[in-house]
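[1] Give me coordinates for this.
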Amino acid sequence: TTMTLRQIKLEMADNSSNAAAAEASNDDAPVANISLQNIIDGTNERSIPKTKFIDDIDMFSGSFDPPASPELLIGAYSDLHSKFKQIEQQLTEKKAHREKSLPEIEKSIKLVRHLKQKKEDGDSVITRYNLADIVYAKAEVDCSQGTVNLWLGADVMLEYTYEDALELLTTKESKAKQDFEEVTEDLAFTRNQIITCEVNISRIYNWDVRRKRASA
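    This next block holds a predicted model:
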């Protein structure tokens, strides 16, 4: 399943505390506490965070008390970047699963409709079924009973009438198509957030370099 906003908050809170403690131990000076809410700008409909783009880095750093160091800012966005990479991987796997399952559902719907039509026409269906590897046998399917067995997963098979089978399969098809659309949108959204994180990290680094040169 895709990482939730709560999971990201918990992991980033822990990492942020560790980073702040490490920086504080270097000079015993107080350091800024950066939370997830400081570096995101809301979420999408599926609770995936939207990365906040830092327009004015100097102003953003000064909004913390004490001002956030470049190391802390880069660390916060690097951590968020890694979380987005995890989400991207999860969504990529989910999309691949949907791409594989949708044609199978559509094929099942087409087959049940074919059987239903044969029943209405009073005909049977001649087919071939797999007995073993590269071994097939010819069979005649009696459509007059009007029933079909469907695999539901987890080694479960149930018998349905043609009408009930079509209702179940079309419902699954609609849900699978909706899930596919959502995961495609989420994947594109997540990749945009990854880019924004990378841009922020680069801009913070360059800002720090300019500051050090100016004070040299």
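[2] wait, what's in contact with the residue nearest the centre of the chain?
    By CA atoms, centre = their mean, the chain has its centre lying nearest to L91, at 2.9 Å. Shown in contact with L91 (CB atoms under 8 Å, 6 or more residues apart in numbering): T2, V183, D186, L187, T190. Backbone N, C-alpha and C define where each C-beta goes, glycine included.
[3] Recalculate using a threshold of 6 Å.
    V183, D186, L187 (CB atoms under 6 Å, 6 or more residues apart in numbering).
[4] does the last one sit in a helix or strand, and which one?
    Right, L187. helix 162-215 (DSSP states H and E).
[5] K83 is in what secondary structure piece?
    helix 70-121.
[6] What mean pLDDT does that helix get?
    Helix 70-121 shows a mean pLDDT of 94.
[7] Going forward, count from 300.
    Sure thing, new numbering starts at 300, so read that last one as helix 369-420.
[8] what's in contact with whatever helix or strand comes next after it?
    Past helix 369-420, further along toward the C-terminus, the next helix or strand under DSSP H and E is strand 424-431. With contacts defined as CB under 6 Å, 6+ apart, strand 424-431 is touched by K417, Y435, A436, K437, A438, E439, V440.
[9] how much space between the residue located most distally from the centre of the chain and Q444?
    For the chain, the largest distance from the centre (CA atoms, centre = their mean) belongs to G421, which lies 47.0 Å off. Taking CB to CB, to the nearest Å as the measure, G421 falls 13 Å from Q444.
[10] quick one on the thing from earlier: and the angle for the helix holding L486 with helix 369-420?
    Helix 461-514 and helix 369-420 meet at an angle of 170 degrees, taking axes from the mean of the first three to the mean of the last three CA atoms, to 10 degrees as the criterion.
[11] Does anything pack onto helix 461-514? Which helices or strands?
    strand 348-350, helix 369-420 (3 or more CB pairs under 6 Å, 6 or more residues apart in numbering; DSSP states H and E).
[12] As JSON lines, these with distance to T460 would be great.
    Putting the helices and strands packed on helix 461-514 into JSON lines (distance: least, CB to CB, whole Å) gives the following:
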{"stretch": "strand 348-350", "distance to T460": "46"}
{"stretch": "helix 369-420", "distance to T460": "9"}
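[13] from those, which stretch is densest packed?
    strand 348-350 (a mean of 20; mean count of other CB atoms under 10 Å).
[14] same for that one, what does it pack against?
    Looks like strand 348-350 contacts strand 339-342, helix 461-514 (3+ CB pairs under 6 Å, 6+ apart).
[15] next one: the longest one to chain centre, how far?
    Taking CA atoms, centre = their mean, to the nearest Å, one finds the center of helix 461-514 at 7 Å from the center of the full chain.
[16] Give me the average confidence score over it.
    95.
[17] Next: the first one.
    Predicted confidence along strand 339-342 averages 93 (mean pLDDT).
[18] Of all the residues in it, which ones are buried?
    I339 (16 or more other CB atoms under 10 Å).
[19] distance of the residue nearest to H380 when sequence neighbours are not counted from M456?
    For H380, ignoring the flanking residues on the chain, the nearest one in space by CB to CB, 6 or more residues apart in numbering is C496 at 4.0 Å. Distance of C496 to M456, given as CB to CB: 47 Å.
[20] Okay then, goodbye and thanks.
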